[in-house]
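Asker: mind looking at a prediction? Sequence and model below.
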Amino acid sequence: MFGTPPPVLPSASRAVSGRLRRWYENELGWPTVPGDPLRLVVGVRFDVLDVPAEAGHAALRRLGRGSPVAVRGDRMLLPVAAGSAAELPGLLEWLEWGDLSLDLAAIGPHGVMDAPLPTAAGERPERGLNAERGARLPPEGVAGPHPGVAARCVAGAGPSPSPEPGPCTGRPLPLGRLGSQGAAVWLRPPEPGCEIETSLPTLSALGGAGNAPDLVRLVDTVATWCHRIRLRHACAQPPASRARGR
């Protein structure tokens with residue numbers, strides 16, 4: 001009658017979740033949503049493009065070296081400048097992608113995303129999803145890796161750049177079961193002490209002299225690959241299925 005009460009996390013898992021929340025809020029300055037699983041508030045410091053992982057890998061070259069990237073299963077989450085979600089429909093129309101159904105979405109103000117877990121240096125993101133292996137967080141009182149040697153992890157498949165070597169100053173933590181937050185991990189983790197806004201793709205970078213990545217080229221690359229994936233899936237269907245889909 002009163003519904004099912006939310007699951008109660010074990011004390012060890014709550015401790016890890018609390019440390020992860022403090023890392024996001026205190027070291028990165030990113031607002032979080034109260035409660036578990038841990039989620040990040042979108043639309044304040046950044047918006048997010050949610051795209052197929054294959055399309056995201058193809059677009060990595062359009063991002064700056066400091067641009068964070070997360071993966072969740074077969075999806076890639078690309079933080080972009082705040083306000084980009086509202087610009088996406090018009091941008092797709094301007095790029096002549098507006099009439100096609102593309103498997104990409106934008107999360108903007110009043111949206112949330114599951115808080116990605118950090119991964120150990122050199123560890124593949126899919127292995128970082130294994131709770132038994134643990135993840136690496138900065139120890140209490142430590143601001144995390146020094147900028148420039150922050151731990152980075154790049155998937156081995158696709159046209160993505162090779163991993164950047166570097167020490168990981170955190171210590172392994174048993175993750176336990178932290179709800180759905182284990183569904184996402186950082187492919188390129190954010191760097192504590194750095195302003196994320198300066199590294200994010202933005203519409204104002206078009207034709208500008210700054211170092212911010214260009215949102216227009218990023219969206220065009222992602223849309224192109226989403227269309228290629230769509231055509232490939234359509235061609236893989238039996239002829240009868242393709243006829244019904246017309």
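Answerer: Okay, I see it.
Asker: which residues of the protein fall in helices?
Answerer: 11-22, 53-59, 84-94, 125-128, 215-236, 239-245 (DSSP state H).
Asker: lowest mean pLDDT across those helices, which one is that?
Answerer: Mean pLDDT is lowest for helix 125-128 among the helices of the chain, at a mean of 41.
Asker: tell me where the model's unsure across this structure.
Answerer: 1-12, 119-182, 205-212, 239-246 (pLDDT under 70).
Asker: swap in 50 and give it another go.
Answerer: The model of the chain has pLDDT under 50 over residues 1, 6, 8-9, 121-182, 209.
Asker: can you give me the strands in it?
Answerer: Using DSSP state E, the strands of the chain run over residues 32-33, 39-42, 47-52, 69-72, 75-80, 105-107, 111-114, 135-137, 171-173, 185-188.
Asker: take those and lay them out in TSV including distance to Leu203.
Answerer: (Glycine included, C-beta is placed from N, CA and C.) Compiled in TSV, these are given as follows (distance: least, Cβ to Cβ, whole Å):
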stretch	distance to Leu203
strand 32-33	27
strand 39-42	17
strand 47-52	11
strand 69-72	19
strand 75-80	9
strand 105-107	12
strand 111-114	18
strand 135-137	34
strand 171-173	38
strand 185-188	21
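Asker: any idea which of the ones you listed gets closest to Thr221?
Answerer: strand 47-52 (9.9 Å; Cβ to Cβ).
Asker: returning to that earlier point: hey, which of the helices of the chain is tucked in deepest?
Answerer: Using mean count of other Cβ atoms under 10 Å, the stretch among the helices of the chain with the largest mean neighbour count is helix 53-59, at a mean of 23.
Asker: run through the neighbouring helices and strands of that helix.
Answerer: strand 69-72, strand 75-80, helix 215-236 (3 or more Cβ pairs under 8 Å, 6 or more residues apart in numbering; DSSP states H and E).
Asker: and with 6 Å instead?
Answerer: Counting contacts by 3 or more Cβ pairs under 6 Å, 6 or more residues apart in numbering; DSSP states H and E, helix 53-59 packs against strand 75-80, helix 215-236.
Asker: dump the C-alpha coordinates for the longest one into PDB.
Answerer: So the one you mean is helix 215-236. Taking C-alpha atoms only, helix 215-236 is exported to PDB below (Å, rounded to 0.1, in the frame of the first residue of the first chain):
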ATOM      1  CA  LEU A 215      30.900  22.100 -30.300                       C
ATOM      2  CA  VAL A 216      29.800  22.400 -34.000                       C
ATOM      3  CA  ARG A 217      32.600  20.000 -35.200                       C
ATOM      4  CA  LEU A 218      31.900  17.700 -32.300                       C
ATOM      5  CA  VAL A 219      28.200  17.400 -33.000                       C
ATOM      6  CA  ASP A 220      28.700  17.000 -36.700                       C
ATOM      7  CA  THR A 221      31.200  14.100 -36.100                       C
ATOM      8  CA  VAL A 222      28.900  12.400 -33.600                       C
ATOM      9  CA  ALA A 223      25.800  12.900 -35.900                       C
ATOM     10  CA  THR A 224      27.800  11.500 -38.900                       C
ATOM     11  CA  TRP A 225      28.700   8.300 -37.000                       C
ATOM     12  CA  CYS A 226      25.200   7.900 -35.500                       C
ATOM     13  CA  HIS A 227      23.900   8.000 -39.100                       C
ATOM     14  CA  ARG A 228      26.500   5.400 -40.200                       C
ATOM     15  CA  ILE A 229      25.600   3.100 -37.300                       C
ATOM     16  CA  ARG A 230      21.900   3.500 -38.200                       C
ATOM     17  CA  LEU A 231      22.500   2.600 -41.900                       C
ATOM     18  CA  ARG A 232      24.700  -0.400 -40.900                       C
ATOM     19  CA  HIS A 233      22.000  -1.800 -38.600                       C
ATOM     20  CA  ALA A 234      19.400  -1.200 -41.300                       C
ATOM     21  CA  CYS A 235      21.500  -3.100 -43.900                       C
ATOM     22  CA  ALA A 236      22.000  -6.000 -41.400                       C
END
